[in-house]
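Visitor: Provide a 3D model corresponding to the input given below.
(2 chains)
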Protein chains: 2
Amino acid sequence: MNKQQTKSLEVAMLLYPGLTLLDLLGPQTVLSEHANIHLVWKTKDMIRTDTGIGIEPTATLSDCPKDLDVLFVPGGLGMNSVMQDAEVLAFLADRGTRAKYVTSVCSGSLILGAAGLMRGYKATSHWAAGELLPLFGAERTEGRVVTDRNRISGGGVTAGIDFGLVLLAKLRGDDAAKMTQLMLEYDPHPPFDAGTPKGAGSAMTQQVAKMIAPLNEQTRRIARELEGARV
Amino acid sequence: MNKQQTKSLEVAMLLYPGLTLLDLLGPQTVLSEHANIHLVWKTKDMIRTDTGIGIEPTATLSDCPKDLDVLFVPGGLGMNSVMQDAEVLAFLADRGTRAKYVTSVCSGSLILGAAGLMRGYKATSHWAAGELLPLFGAERTEGRVVTDRNRISGGGVTAGIDFGLVLLAKLRGDDAAKMTQLMLEYDPHPPFDAGTPKGAGSAMTQQVAKMIAPLNEQTRRIARELEGARV
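Guide: So this is what the prediction gives:
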């Protein structure tokens, strides 16, 4: 694609073991022509993602730029470990305080919440995890992409593509976002209407909710501990 | 997600430098709970993808299983090198002759074509590359996902998610695909109607087509050479 005349955006995306790679790759692909994207973790060792794909961090918590245009956190089944990691939470709190946009897809909004960045903000998450947002002081809000001041959160997994385009339009204008949408041929045709609990029906929704329940219970415990430590 | 009672599918996905990672990750994510997915390249060295993310192959051309349920090839700006690589084309021709499904997203259908696997088949590709399909004996066909006997091809980049769900429904039934769609919260809301040439308008479409033109010209030359070698 054409090189941008303007200065590249500085974007940090948190990696962690068990992240949902598609949460990250949607916005990473959308932003990639416009940004220096730092894939950040504690070390530069290979990270194993949800589907088994191994990816390489490009920066550590300490060498990630201090002043960011975008701080981004993906969701994933590995989130509960990250939410108990004081070093990572301190990194997010530090960068998040100064970033132009503090953002997430899927259960990434809960990790931002654990870092204290979502108190008093409207936010969304994966449909099966959204009920946990208030535990971190956030106001659960319906929407594929929810914007409240400089916080922008996307729904589950595939919402990352919609989120990325919304964010790019804010940062570089509608035409840049439209051009990227055309390059990515983003004209979705889901073969079924099963992408939401309403579309999928209650039996299937309960089946997924039951699988997620132990993870959510663990997140509730972590939220109580974080709240206890804060008081 | 729940473990499958049935035997895992054997799926090989070709990696190569400059592949479009989102082409691959859509179907890889959709299939991941149901399949042993082999990420295949000539070596196991890190592969640099389109957006800068580095990923790890899990198998080489020689240790990839011989009999596959699915052979899959993603598109990407690195495709022309692959189309001139006799070793990779021989691998695709060998596995493609025996695979249950021979599949692609984006310009991956051109790579399958270079391996001689698309002669006489209907297929699609990225909108900006579709005109090249007849050079490989394929019949360019409109559609987000095009199925002709055991060949299934998806359109550009994000079509990989639709393609993956269509393929999973064929392999494991509609309910498995719907459950995955719910897990991935695939209820897209593109912020603009710019995902097709028609939606984006002719000025923007011509701008993208102009960027792609040198790559397409090179592909035309490669197609002539392959045709010359075959006669």
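Visitor: okay, now the closest residue to residue A:194 other than its chain neighbours: neighbour count?
Guide: Distances taken as C-beta to C-beta, 6 or more residues apart in numbering or on different chains place residue B:178 nearest to residue A:194, at 3.7 Å, with adjacent residues excluded. Bear in mind the C-beta positions are built from the backbone N, C-alpha and C, glycine included. Burial of residue B:178 is recorded as 23 neighbouring residues (other C-beta atoms under 10 Å in any protein chain shown).
Visitor: shouldn't residue A:182 be within a helix?
Guide: Yes. Assigned with DSSP: H, G, I helix; E, B strand; the rest coil, residue A:182 falls within a helix.
Visitor: ok, now how distant is it from residue B:109?
Guide: 19 Å (C-beta to C-beta, to the nearest Å).
Visitor: neighbour-wise, which of those two wins?
Guide: Taking neighbours as other C-beta under 10 Å, residue A:182 and residue B:109 compare with residue B:109 leading, 34 against 25.
Visitor: shouldn't the more buried one be within a helix?
Guide: Yes. Assessed with three-state DSSP, residue B:109 lies in a helix.
Visitor: thought residue B:153 was touching it, still the case?
Guide: Yes. Contact status for residue B:109 versus residue B:153: in contact at 4.4 Å, counting by C-beta atoms under 8 Å.
Visitor: mutual contacts of those two, please.
Guide: B:123, B:124, B:125 (C-beta atoms under 8 Å, 6 or more residues apart in numbering or on different chains).
Visitor: name the spans of chain A whose pLDDT lies under the cut-off.
Guide: When residues are selected by pLDDT under 70, those of chain A lie in A:1-6, A:231.
Visitor: make it 50
Guide: Residues of chain A that meet the criterion pLDDT under 50 lie in A:1-4.
Visitor: now the strands for it?
Guide: A:9-14, A:35-41, A:47-48, A:54-55, A:59-60, A:70-73, A:101-105, A:122-123, A:139-140, A:145-148, A:151-154 (DSSP state E).
Visitor: what's in contact with the fourth one?
Guide: Here strand A:54-55 makes contact (C-beta under 8 Å, 6+ apart) with A:15, A:21, A:39, A:46, A:47, A:48, A:49, B:53, B:54, B:55, B:56.
Visitor: ok, the nearest residue to the third one once chain neighbours are set aside - how many residues close by?
Guide: This points to residue A:39. Of all residues not flanking residue A:39 in the chain, residue A:58 sits nearest, at 4.7 Å (C-beta to C-beta, 6+ apart). When neighbours are defined as other C-beta under 10 Å, residue A:58 has 20 of them.
Visitor: check contacts around residue A:58.
Guide: So residue A:58 contacts A:37, A:38, A:39, A:40, A:44, B:52 (C-beta under 8 Å, 6+ apart).
Visitor: tell me who's in contact with the fourth one.
Guide: This points to residue A:40. Per C-beta under 8 Å, 6+ apart, neighbours of residue A:40: A:12, A:13, A:14, A:15, A:57, A:58, A:59, A:60, A:61, A:64, A:91.
Visitor: hey, what's it bridged with?
Guide: residue A:14, residue A:59 (DSSP bridges).
Visitor: so it versus chain B, what's the distance?
Guide: Counting by C-beta to the nearest C-beta, to the nearest Å, the gap between residue A:40 and chain B amounts to 13 Å.
Visitor: which residues in chain A form helices?
Guide: Using DSSP state H, the helices of chain A run over A:21-31, A:79-82, A:86-98, A:108-114, A:159-172, A:174-183, A:197-200, A:202-230.
Visitor: next one: the nearest residue in space to residue A:16 that is not next to it in sequence from residue A:17, what distance?
Guide: Closest residue in space to residue A:16, ignoring its immediate chain neighbours: residue A:82 at 4.8 Å, by C-beta to C-beta, 6+ apart. Between residue A:82 and residue A:17 the computed distance is 9 Å (C-beta to C-beta).
Visitor: more neighbours: the two, which one.
Guide: Taking neighbours as other C-beta under 10 Å, residue A:82 and residue A:17 compare with residue A:82 leading, 24 against 16.
Visitor: the more buried one contacts residue A:88, correct?
Guide: Yes. Assessed by C-beta under 8 Å, residue A:82 is found in contact with residue A:88 at 5.4 Å.
Visitor: might you report the residue contacts of the nearest residue to residue A:54 once chain neighbours are set aside?
Guide: In space, and not counting its chain neighbours, residue A:54 is closest to residue B:56: 4.0 Å by C-beta to C-beta, 6+ apart. By C-beta under 8 Å, 6+ apart, the residues touching residue B:56 are A:46, A:53, A:54, A:55, B:39, B:44, B:46, B:47.
Visitor: any idea how far residue A:121 is from residue A:92?
Guide: Residue A:92 is 14 Å from residue A:121, by C-beta to C-beta.
Visitor: re the thing from before, nearest to residue B:201 among the contacts of strand A:54-55?
Guide: Residue B:201 lies nearest to residue B:53 out of these, by C-beta to C-beta, at 30.9 Å.
Visitor: so the closest one sits right up against residue A:38, yeah?
Guide: No. In this structure, residue B:53 is not within contact of residue A:38 by C-beta under 8 Å, at 11.8 Å.
Visitor: how far does stretch A:73-83 sit from the chain's center?
Guide: 10 Å (C-alpha atoms, centre = their mean, to the nearest Å).
Visitor: right, I mislabeled it, should have said stretch A:186-201
Guide: On C-alpha atoms, centre = their mean, the centre of stretch A:186-201 falls 21 Å from that of its chain.
Visitor: before we move on, what about stretch A:174-191?
Guide: 20 Å.
Visitor: how long is it end to end?
Guide: 28 Å (C-alpha to C-alpha, to the nearest Å).
Visitor: what's the neighbour count on residue A:213?
Guide: Neighbours around residue A:213, by other C-beta under 10 Å: 11.
Visitor: typed the wrong thing, it's residue A:93
Guide: Neighbour number of residue A:93 under other C-beta under 10 Å is 14.
Visitor: now it: how far from residue A:83?
Guide: For residue A:93, the distance to residue A:83 - C-beta to C-beta - is 13 Å.
Visitor: what of residue A:107?
Guide: For residue A:107 relative to residue A:83 (C-beta to C-beta), the value is 10 Å.
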